[in-house]
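Colleague: take a look and give me a structure for this.
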Amino acid sequence: MSAENPTFPDISLVILAGGEARRLHGRNKALLELDGESLLARRIRLLEPLFGETVVVRGRDSRLPRVPKAVKVATDPVPGAGPLMGLYAGLRRCREDWAFVTGCDMPFFDRRLFGSLAARRDDHDAVIPRINGWYEPLFSLYHTRCVEAVEAHLDRRQIAAFYGSINALYVAAEEITRFDPEMRCFFNINTEDDLLEARRIEETHGPDSRTGSP
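Modeller: Presented below is the predicted three-dimensional model:
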């Protein structure tokens with residue numbers, strides 16, 4: 001793979017597409033549209049070619065847009081149990097040892113930034129950006145051996161609940177901004193205003209402005 005446009009065939013892509021979306025009045029984020037394309041379809045289109053496989057995790061009662069046949073679909077075993085349960089369901093379906101876990105509501109991606117995170121896996125269990133004390137659990141890499149630690153914390157909702165039980169590498173803001181100065185990769189859509197802002201970014205920077213695509 002080239003340094004400019006790397007691919008990651010030894011990493012599974014896990015996209016979480018459940019969630020209650022309370023600030024969007026319960027609307028299904030996977031079906032929200034950006035430039036005429038659902039958020040989930042966009043995430044799959046941009047990222048699926050880069051990874052060894054793609055796993056989408058849906059809520060038990062969530063409807064998904066049509067996904068490519070090659071995409072695996074996993075279902076949260078417990079409705080409303082939060083993103084930690086989604087991570088658990090996704091990691092259990094992965095074929096590869098490592099997984100990049102992200103949300104369907106995060107429309108932007110920088111291949112160079114992700115490549116820098118992936119290159120630092122070494123003997124760690126996870127590679128997690130931590131910005132000003134806040135984790136970015138849905139732009140992180142997890143080894144599938146984390147499943148046991150995740151399972152032990154399933155009574156908690158937040159993904160970071162199990163971080164103290166694993167050997168995680170935390171990546172600071174200074175290293176992130178070398179590739180993504182505006183930290184656009186961590187932008188996620190929780191409100192109607194966020195959706196409008198995503199559309200503004202798209203119009204200003206182009207449809208795939210942070211993908212590193214040729």
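Colleague: so where is this protein shaky, pLDDT-wise?
Modeller: Counting by pLDDT under 70, the chain contains low-confidence ranges at 1-4, 19-26, 79-80, 206-214.
Colleague: try it again at 90.
Modeller: For the chain, the stretches flagged by pLDDT under 90 are 1-6, 18-36, 59-66, 75-83, 155-158, 190-192, 199, 201-214.
Colleague: ok, which stretches of it are strands?
Modeller: Listed from the start of the chain, the chain has strands (DSSP state E) covering 8-16, 33-34, 37-38, 51-58, 72-75, 98-103, 126-131, 134-135, 139-143, 168-172.
Colleague: will you turn those strands into CSV that also has distance to Arg27?
Modeller: Glycine gets a C-beta too; all of them are placed from N, C-alpha and C. Converted to CSV, the strands of the chain look like this (distance: least, CB to CB, whole Å):
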stretch, distance to Arg27
strand 8-16, 16
strand 33-34, 11
strand 37-38, 12
strand 51-58, 15
strand 72-75, 20
strand 98-103, 15
strand 126-131, 27
strand 134-135, 25
strand 139-143, 23
strand 168-172, 32
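Colleague: which of those sits closest to Arg200?
Modeller: Smallest distance to Arg200 across the strands of the chain (CB to CB): 10.9 Å, for strand 33-34.
Colleague: could you dump stretch 29-41 to CSV, C-alpha only?
Modeller: What follows is stretch 29-41, C-alpha atoms only, in CSV (Å, rounded to 0.1, in the frame of the first residue of the first chain):
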residue,chain,number,x,y,z
LYS,A,29,-29.5,8.1,12.4
ALA,A,30,-28.6,5.4,9.9
LEU,A,31,-31.4,6.7,7.6
LEU,A,32,-30.6,10.4,7.9
GLU,A,33,-29.3,11.8,4.7
LEU,A,34,-26.3,13.9,3.8
ASP,A,35,-26.1,15.0,0.2
GLY,A,36,-28.9,12.6,-0.8
GLU,A,37,-27.2,9.6,0.8
SER,A,38,-28.0,7.9,4.1
LEU,A,39,-25.3,8.3,6.8
LEU,A,40,-24.8,4.6,7.0
ALA,A,41,-24.6,4.1,3.2
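Colleague: if anything else comes up later, I'll come back, but that's it for now.
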